[in-house]
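Undergrad: Quick check, what structure comes out for this input:
(one chain, ligands or ions: 1)
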Amino acid sequence: MPGRVRDTVHHPLFARLFTRLSAAAEERGQAEHRRENLAGLSGRVIEVGAGHGLNFKAYPGSVREVLAVEPEGYLRSLAEEAAKQAPVKIRVVDGVADRLPADSDSFDAAVASLVMCSVPDQDAAFAEVGRVLRPGGELRFYEHVVSERARLARMQRALDRLGIWPLVAGGCHASRDTRAAIERSGLEIESCRSFRFRRGLPELITAPKILGVARRGQPRRSGRDEAPRRQSTPAPSSSSEAATISAMQL
Ligand SMILES: C[S@@+](CC[C@H](N)C(=O)[O-])C[C@H]1O[C@@H](n2cnc3c(N)ncnc32)[C@H](O)[C@@H]1O
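TA: The predicted structure is shown next:
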C-alpha cells in the first residue's frame, strides 16, 4: 500500500516453499543470472530483501562488505548461515526496503534481485535505494516484470488484482513494471536487457525478467568542470541463458 511503511514481513509458509523451489531454479540457470548481475561490483554494497542469501556466493572479491537487509525471520536466519560461507564479508540485518537501515550516501552499490515484485511501495523502495547510494553509485537489478505480450499481461494483472499471486507467492506481484519504477525514481538506467526464463512453472507466470544497471547521478558541476560519466555494465550473459527476447544497451 503506497505511503505506508510496513516494518515486518511474515510469510513463514512461502519462505519455506521458496527455499525449496529456488534450489531447482538456481540449477535451471538462475545462478548464472545472479553472477551476471553482481559481476564487477566493488566497495560497500547493500542488498535489499536478500532472502536466504542465494546471491552471497556470487559476490566478487572486489566487494569490501555487504549489508544484507532481510525482513522475513526464517529467511534471515538462513541468510545468516549463508553469510558465514560467503567469499566476502556480509552482515545480515532486519529491515524493509521502504526504510533501509542505512545512512544516506553510504554505499557504492545496491542490489535488488527478485524483490521489487514484493515490496508494498516500489516508489518508496527505489527512493530509499537512491538515498543510500553515494552520488555515482549503482543499482544492479534482476527482477521479473509484466509481460509485453497482451494475453500473459492480462493474466498477470488478473492474478494480482484478485490477490491470488500475492497470496501464493508471499506478497509477490506478477504484473509490475519495475523498469518504469526505476525511471520514475530518478536513477538513470545504463543497461537493461529483457529475457524469457521459462523452464519451470513459476517462470511461466513471472516472465519476462529484466537485468541491468541504473545509476544515481553525480551532483551537477558547471561548465568545463563537468566530470565524464562512468559507464558500467554487467558481464555478458552466459550461453546457458534461456532465450533472450530483447537486449538493449542504453
Ligand atoms: C522471491 S524472494 C527473493 C529473495 C532474494 N532477493 C533472492 O534473489 O533470492 C523475495 C524477498 O523479498 C523480501 N521482501 C518482501 N517484502 C519486503 C520488503 N518490504 N522489504 C524488503 N524485502 C522484502 C522477502 O522477505 C523475500 O526475501
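
Undergrad: which residue packs closest to A50, ignoring adjacent ones?
TA: Excluding the flanking residues, the one nearest A50 by Cβ to Cβ, 6 or more residues apart in numbering is A68, at 3.8 Å. Any C-beta I mention is one placed from the backbone N, CA and C, and that applies to glycine too.

Undergrad: if I look at E32, how far off is the ligand?
TA: 13 Å (Cβ to the nearest ligand atom, to the nearest Å).

Undergrad: Surely that residue is in a strand?
TA: No. Counting by DSSP: H, G, I helix; E, B strand; the rest coil, one finds E32 to be helix, located in no strand.

Undergrad: burial measure for it, as a count.
TA: 17 (other Cβ atoms under 10 Å).

Undergrad: mind checking pLDDT for it?
TA: Confidence at E32, expressed as pLDDT, is 96.

Undergrad: in the sheet, who's paired with the residue nearest to A50?
TA: E47, V92 (DSSP bridges).

Undergrad: Does it touch G51 like I think?
TA: No. Using Cβ atoms under 8 Å, A68 is not in contact with G51; the gap is 9.1 Å.

Undergrad: These two: who's more crowded?
TA: Neighbours per residue, other Cβ under 10 Å: of A68 and G51, the larger number sits with A68, 27 against 24.

Undergrad: Got phi/psi on the spatially most central residue of the chain?
TA: In the chain, the residue lying closest to the centroid (Cα atoms, centre = their mean) is A112, at 2.0 Å. Note on A112: its backbone torsions stand at phi -130, psi 110 [degrees, to the nearest 10].

Undergrad: On the three-state scheme, G136 is what?
TA: Of the three states, G136 takes strand according to three-state DSSP.

Undergrad: how about the strands in this structure?
TA: Assigned by DSSP state E, the chain shows strands spanning 43-48, 63-69, 89-93, 107-113, 133-144, 188-195, 209-215, 246-249.

Undergrad: And the residue nearest to A50, what's its pLDDT?
TA: 98.

Undergrad: Let me see the contact set for the residue nearest to S106 when sequence neighbours are not counted.
TA: Distances taken as Cβ to Cβ, 6+ apart place V132 nearest to S106, at 5.9 Å, with adjacent residues excluded. V132 makes contacts with 46, 100, 102-107, 110, as judged by Cβ atoms under 8 Å, 6 or more residues apart in numbering.

Undergrad: Next: V69.
TA: Here V69 is in contact with 46-50, 93-97, 100-102 (Cβ under 8 Å, 6+ apart).

Undergrad: for the ligand, what are the nearby residues on the chain?
TA: Contacts of the chain with the ligand, taken as Cβ under 6 Å from any ligand atom, map to 9, 18, 48-51, 54-55, 70-72, 75, 96-98, 113-115, 118-120, 171.

Undergrad: make it 8 Å
TA: 6, 9, 11, 15, 18, 22, 34, 47-55, 69-72, 75, 95-98, 112-115, 117-120, 125, 142, 169-172 (Cβ under 8 Å from any ligand atom).

Undergrad: Show me which of the residues you listed are buried.
TA: Buried members of these, counted by 16 or more other Cβ atoms under 10 Å: 9, 11, 15, 18, 22, 34, 47-55, 69-72, 75, 95-98, 112-115, 117-120, 125, 142, 169-172.

Undergrad: Isn't E128 up against G95?
TA: No. With contact defined as Cβ under 8 Å, E128 does not count as touching G95 (9.9 Å).

Undergrad: Spit out the residues that contact A68 and G51 alike.
TA: With Cβ under 8 Å, 6+ apart as the test, A68 and G51 both reach A79.

Undergrad: Could you give me the buried positions within stretch 70-83?
TA: Result for stretch 70-83 [16+ other Cβ under 10 Å]: buried residues 70-72, 74-76, 78-80, 82-83.

Undergrad: Low-confidence ranges, this protein, go.
TA: 1-6, 198-199, 220-250 (pLDDT under 70).

Undergrad: quick one on the thing from earlier: what about the residue nearest to S106, distance to G163?
TA: According to Cβ to Cβ, to the nearest Å, V132 and G163 sit 31 Å apart.
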